[in-house]
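Trainee: coords please:
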Amino acid sequence: ALPIYTPRRGLIEVKPLGVIWGKFPEFYSKKNTIMFDDIGRNFLMNPQNGLKIRPFMKAHLNRDKDKELLKLSQYLKEIAQLEDFSELNHKHWERYLAKKQGQ
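Mentor: Take a look at the predicted model:
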């Protein structure tokens, strides 16, 4: 994580994907990278590549009910065949998945 200052939030930590893209440009870019997190501000430097997931709370109580990562894996399988998924609106990933699975 990298600390940055924002006028609205003050000093916050973000996860800049540019570090990975700079170190491994032959493998990773904005076209093939998605970051998952339950804290949206972590995507501040790369909003198009961020996908906000629901937090996993009370694991000992919700283990059998939580299907977030299972559904997310289905979304990733759907978009993996795309040449460039940086133009997708990951905010609506569940809607995209439902549409694709309904075909």
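
Trainee: where along the protein do the helices fall?
Mentor: Per DSSP state H, the chain carries helices over the ranges 18-23, 59-62, 68-79, 93-101.

Trainee: now tell me what touches the third one from outside.
Mentor: By that I understand helix 68-79. With contact meaning Cβ atoms under 8 Å, 6 or more residues apart in numbering, helix 68-79 is reached by 34, 36, 51, 53-54, 56, 85, 88, 93-94, 96-97, 100-101. Yep, even glycine has a C-beta here, placed from its N, CA and C like the rest.

Trainee: about what we covered before: any chance of the helices of the chain in JSON lines, plus distance to R8 and mean neighbour count?
Mentor: As requested, the helices of the chain are exported to JSON lines (distance: least, Cβ to Cβ, whole Å; neighbours: other Cβ atoms under 10 Å):
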{"stretch": "helix 18-23", "distance to R8": "21", "mean neighbour count": "12"}
{"stretch": "helix 59-62", "distance to R8": "32", "mean neighbour count": "8"}
{"stretch": "helix 68-79", "distance to R8": "28", "mean neighbour count": "14"}
{"stretch": "helix 93-101", "distance to R8": "26", "mean neighbour count": "14"}
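
Trainee: point to the residue nearest the middle of this structure.
Mentor: Residue closest to the average C-alpha location in the chain (Cα atoms, centre = their mean): L51, at 2.6 Å.

Trainee: any idea how far P16 is from that residue?
Mentor: Distance, L51 to P16, using Cβ to Cβ, to the nearest Å: 16 Å.

Trainee: same question for L44.
Mentor: On the measure of Cβ to Cβ, L44 and P16 end up 9 Å apart.

Trainee: just to revisit the earlier point, check the helices of the chain for me: which has the lowest mean pLDDT.
Mentor: Among the helices of the chain, helix 59-62 has the lowest mean pLDDT, at a mean of 69.

Trainee: so E83 touches K31, yeah?
Mentor: Yes - at 7.2 Å, E83 counts as touching K31 under the criterion of Cβ atoms under 8 Å.

Trainee: all set, thanks.
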